Each structure stands twice: as structure tokens, then as C-alpha cells.
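Participant: got a predicted structure here, sequence first:
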Amino acid sequence: MNEKITAYLQSRHAEALLPQRDINTNLHHISIRASHLKEVVKELKDNADLSFTYLNDLTSVDWLGKRSPRFEIVYLLRSPKNNHFRMQIRVPVEEGETVPSITDIFVGANWPEREIFDLMGIEFSGHPQLERLIMPDNFVGHPLRKDFPLEGPGQDYLIEDLLTIHVQDDITG
């Protein structure tokens, strides 16, 4: 199956593929450019032979100081038709770059993309509701980044805002 996927992507999307690096994994993996993500994922899903119709996981990695670009978005796709064969799609992203949202291809990408945005600060263009999911709206920073301070940015601003909100509610209510 590995050779079949590689041959298919080489023939259809050679410009999307990035050079592969050795990764300690037993999963088939490819690295692609963010600009080609949607078309590659859609074809892997719609291709009758490959049929990667299940988005198993979507996460990100912060390679601060170890690799360039700094971030990597990792998609784990599964093909139920092919004995649940799994593959990783890795999309390297530099600080400040956006990645196209795949919520129109896999609806289940909605919350994982929001989680990555919230905790890592990576934006997904075309996402239907890209806003914080876990941290409060007024939280400063992205706590899963490796350069986020261990003690946090200080929480006084959160308490001050909460007091202001409650005082305003009492006045208007």
C-alpha cells in the first residue's frame, strides 16, 4: 500500500510533495506544502482505490530550535476499505503562516483545528469559526508552545476582567 500511495501522489501531485526525512514511525508518512493540503486530502479521500475516508487525528508539533520551519501539522488518515491502513500527512508551517482548513472535507477537523489555533497559535484559513476552544478569550499567549513561560504570563489580567464583567452585569442587570 505504501508504494501505491507514493506512486499515486508522485503522478498527481509531485509539486505538493516535500523531501521526506527519516521519522521513527511504522506509519506511512508524507510531507506536503500547506498550499496543496486541501487538494491532496480530498483526492486521498475520494480516490476509490485508496479511500482515506476517516480523519483519525489532527495535531501539531512545535520543533522550537530543532527544525525549520518551527511547526508541523500532523494529519492521521485511515482507510476502512483497505483494512484500516493508516498514513500521516505532515505539513511544515513557519511562525505566522496559515494552513487551509479541511473542515469542508472532514467535518471532524473543526475542533482539532480550533484546539491547535488556541494552544499553538497556528491559524487555519477558511475555518468556519476559528476562535479559542479551551482557554478563555482574553488569555494571553498559546500554552503548548515550547517558549511559553512555565509560570505562565500571570493571571491577574483574567481576574481583573472577570471582576469588571461582573460589576458591569450588576450595574446593567
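Facilitator: Nice, thanks for sending it over. Residues are numbered from 1 along each chain as shown.
Participant: domains of this protein?
Facilitator: Domain ranges of the chain: 2-130, 135-173, per automatic domain parsing.
Participant: ok, the helix or strand in which Arg86 is found: who's next to it in the sheet?
Facilitator: For Arg86, the enclosing helix or strand under DSSP states H and E is strand 85-93. Strand 85-93 has its sheet partners listed here by DSSP bridges as strand 28-31 (parallel), strand 71-79 (antiparallel).
Participant: mean neighbour count, distance to Ala48 and mean pLDDT for the ones you listed - can I get that in CSV?
Facilitator: For every residue, glycine as well, the C-beta is placed using N, CA and C. Supplementary listing: the strands paired with strand 85-93 in CSV, determined by neighbours: other C-beta atoms under 10 Å; distance: least, C-beta to C-beta, whole Å; pLDDT from 0 to 100:
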stretch, mean neighbour count, distance to Ala48, mean pLDDT
strand 28-31, 18, 19, 93
strand 71-79, 20, 11, 97
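Participant: got the ones you listed as a markdown table, with distance to Leu37 columns?
Facilitator: As requested, those are exported to a markdown table (distance: least, C-beta to C-beta, whole Å):
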| stretch | distance to Leu37 |
| --- | --- |
| strand 28-31 | 11 |
| strand 71-79 | 8 |
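Participant: and of these, who's closest to Lys45?
Facilitator: strand 71-79 (7.8 Å; C-beta to C-beta).
Participant: contacting residues around the closest one?
Facilitator: 27, 34, 41, 44-45, 50-63, 84-95, 99, 102, 116, 120, 122 (C-beta atoms under 8 Å, 6 or more residues apart in numbering).
Participant: drop anything exposed from those residues.
Facilitator: Burial by neighbour count, 16 or more other C-beta atoms under 10 Å: within the contacts of strand 71-79 this picks out 34, 41, 44-45, 50-52, 54-55, 58, 60-62, 85-93, 99, 102, 116, 120, 122.
Participant: center of the chain - which residue?
Facilitator: Ile73 (4.4 Å; C-alpha atoms, centre = their mean).
Participant: grab the nearest non-local neighbour of that residue.
Facilitator: Excluding its sequence neighbours, the residue lying closest to Ile73 (C-beta to C-beta, 6 or more residues apart in numbering) is Val91, at 4.4 Å.
Participant: what's the answer for Thr25, then?
Facilitator: Nearest non-adjacent residue to Thr25 (C-beta to C-beta, 6+ apart): Gln88, at 7.1 Å.
Participant: for the one you found, list each beta-bridge partner.
Facilitator: With DSSP bridges as the rule, Gln88 is bridged to His29, Leu76.
Participant: surely it meets His28?
Facilitator: Yes: here Gln88 lies in contact with His28, judged by C-beta atoms under 8 Å, at a distance of 7.2 Å.
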